[in-house]
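Visitor: show me the folded form of this:
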Amino acid sequence: MYIFNSKIIAGVCTLALSVACTSERLVRQESVDQLRSLCSLEAELLVRPVIIYKEQLETNSGAAMLKAGSFIYRCQKRPGWAMVMYPREGEKVDCNYRNDERLCPVGWVKGELVTSTVD
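Guide: Okay, here's the model as predicted:
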C-alpha cells in the first residue's frame, strides 16, 4: 500500500512540475511581449554610468554596469526605480527589432536616469 501511494504521489508531483514549467514559459513569452510594448522605441544615451539590478531590491547585487555613453531604452518607472532594456557591450542598438532568441537584457536602475536623446 505504501509503495503504491508513493508512486501516485511521485506521478502527481511530476505532472504538477511539468505544468508549472509550461506555464512559466507562457508567462515569460507574455512578459516579453508586454515588455516590448512598455519600452520606448527610441534609444537614449546615458550621460552618467549606472548599475543595472536584476530586481528592485536594494540588497540585490548589480547585474551589470553601464558606462556613460551606453544606450538604453526606458521601459517602466516605479518610485525610485526605472526599468530599462539595453544592448550588451559590442551589440547594435536595435533592441526593439530583435527576435526572441536575441532579446536585449532588461534590468532596473535605482534613482534618476540622466540621458540625452540622439538625433
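Visitor: pLDDT weak spots in the chain?
Guide: Across the chain, the ranges flagged by pLDDT under 70 are 1-36, 58-60, 118-119.
Visitor: would you map the helices across it?
Guide: Using DSSP state H, the helices found in the chain span residues 2-38.
Visitor: please name the nearest non-neighbouring residue to Ile52.
Guide: Of all residues not flanking Ile52 in the chain, Gly107 sits nearest, at 3.6 Å (C-beta to C-beta, 6 or more residues apart in numbering). (Glycine included, C-beta is placed from N, CA and C.)
Visitor: for that neighbour, give its distance to Pro49.
Guide: Here Gly107 is placed at a distance of 14 Å from Pro49 (C-beta to C-beta, to the nearest Å).
Visitor: and the two? Which one has more around it.
Guide: Gly107 (23 against 12; other C-beta atoms under 10 Å).
Visitor: contacting residues around the more buried one?
Guide: Residues in contact with Gly107 (C-beta atoms under 8 Å, 6 or more residues apart in numbering) are Ile52, Tyr53, Lys54, Ala63, Ala64, Met83, Val84, Tyr86.
Visitor: my guess is the second one contacts Trp108, does it?
Guide: In other words, Tyr53. Yes: using C-beta atoms under 8 Å, Tyr53 is in contact with Trp108, at 4.6 Å.
Visitor: ok, the closest residue to Lys77 other than its chain neighbours - contacts?
Guide: Spatial nearest neighbour of Lys77, chain neighbours left out: Met83 (7.4 Å); criterion: C-beta to C-beta, 6+ apart. Met83 makes contact with Leu38, Arg74, Cys75, Gln76, Lys77, Val106, Gly107, Trp108, Val109, according to C-beta under 8 Å, 6+ apart.
Visitor: contacting residues for the residue nearest to the second one when sequence neighbours are not counted?
Guide: Pointing back at Arg74 there. Spatial nearest neighbour of Arg74, chain neighbours left out: Ser40 (4.8 Å); criterion: C-beta to C-beta, 6+ apart. Contact analysis of Ser40 by C-beta under 8 Å, 6+ apart lists Tyr73, Arg74, Cys75.
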